[in-house]
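Novice: Only the shape, not the letters, is given here:
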């Protein structure tokens, strides 16, 4: 009976570590889109209104989403800063950047006792 209780306790502790570790780190940044070229000089012109309508129609379709995997070590302390150039992924600029810990990131982090701490970054682009 004691072996079953210990096994159940170990499984519960193991499961709770995964559940708590997976939902921790999230960071999201949303970027406003730059105004169209026609709106920079004369914001109330007909060309500006047409450019804004065209852009609104394209935004409904949504932009491309890229997933980038980043590697951190020692509880995420090394390297201190990883610079991600979003211009290489989004020539029109990023719509949002979301950094988070996925299930598998948390799995590897827990398995290595936080020596290896991967993160996933999703970059959504403007069309």
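Specialist: The structure has been received and is ready for your questions. No experiment lies behind these values; they were computed from the predicted model shown.
Novice: Please, where are all the strands along the chain?
Specialist: Counting by DSSP state E, the chain has strands at residues 26-30, 65-73, 94-100, 116-125.
Novice: could these go into a markdown table alongside distance to residue 51 and mean pLDDT?
Specialist: All C-beta spots, glycine's among them, are computed from the backbone N, C-alpha and C. Supplementary listing: the strands of the chain in a markdown table, determined by distance: least, C-beta to C-beta, whole Å; pLDDT from 0 to 100:
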| stretch | distance to residue 51 | mean pLDDT |
| --- | --- | --- |
| strand 26-30 | 21 | 89 |
| strand 65-73 | 25 | 93 |
| strand 94-100 | 18 | 93 |
| strand 116-125 | 19 | 93 |
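Novice: With mean neighbour count and distance to residue 4 added, can I get those in a markdown table?
Specialist: Output for those, formatted as a markdown table (neighbours: other C-beta atoms under 10 Å; distance: least, C-beta to C-beta, whole Å):
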| stretch | mean neighbour count | distance to residue 4 |
| --- | --- | --- |
| strand 26-30 | 10 | 37 |
| strand 65-73 | 14 | 38 |
| strand 94-100 | 18 | 36 |
| strand 116-125 | 18 | 33 |
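Novice: could I get these as a markdown table with distance to residue 110?
Specialist: Listed next are the strands of the chain as a markdown table, based on distance: least, C-beta to C-beta, whole Å:
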| stretch | distance to residue 110 |
| --- | --- |
| strand 26-30 | 17 |
| strand 65-73 | 14 |
| strand 94-100 | 16 |
| strand 116-125 | 10 |
